[in-house]
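>>> Pasting the sequence and the predicted model now:
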Amino acid sequence: MNNNECGVSKVMDILGGKWKLKILWVLSQHPSIRFNQLKREVDGITNVMLTRCLETLADVHLVKRTDSPKVDYSLTDKGIELVPSLLFLNDWGKSNL
């Protein structure tokens, strides 16, 4: 991506689609969460799609996977920076949609 590209376009390239914002929202509500609990809270997502989305979000350093002693997922510091925006979108959606 070049530096002149719109920031919103960059965000949409990474977070666009049906699931990633929902995953980030659920992760923002928990200090860490196991895969199956995350899957239950992201209604309708398949195991394969959840795995792909988590890998994508980990690749851009928004989510981290911890393997000790059991696998869990949490937001990175970079992911935590998105929480105020997620809260704003949540409040705006409740008020306006």
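Received, thanks.

>>> pLDDT weak spots in the protein?
1-4 (pLDDT under 70).

>>> Spatially central residue in it, please.
In the chain, the centroid-proximal residue (C-alpha atoms, centre = their mean) is Leu24; its distance is 2.4 Å.

>>> residue contacts, that one?
Leu24 is in contact with Leu15, Leu57, Leu62, Val63, Leu75, Gly79, Leu82, Leu86, counting by C-beta atoms under 8 Å, 6 or more residues apart in numbering. All C-beta atoms are positioned from the backbone trio N, CA, C, and that covers glycine.

>>> Tell me the helix or strand right after the helix or strand containing it.
Using DSSP states H and E, Leu24 maps to helix 20-28. Per DSSP H and E, the first helix or strand lying C-terminal to helix 20-28 is helix 35-41.

>>> Can you list the residue ranges for strands in the protein?
For the chain, the strands defined by DSSP state E cover 63-66, 72-75.

>>> Glu41 is nearest to which of those strands?
Ranking those by proximity to Glu41 (C-beta to C-beta) places strand 72-75 first, at 11.5 Å.

>>> what's in contact with the closest one?
24, 27-28, 30-35, 38, 54, 62-66, 82-83.

>>> now with 7 Å?
With C-beta atoms under 7 Å, 6 or more residues apart in numbering as the test, strand 72-75 has contacts from 27-28, 31-34, 38, 54, 62-66.
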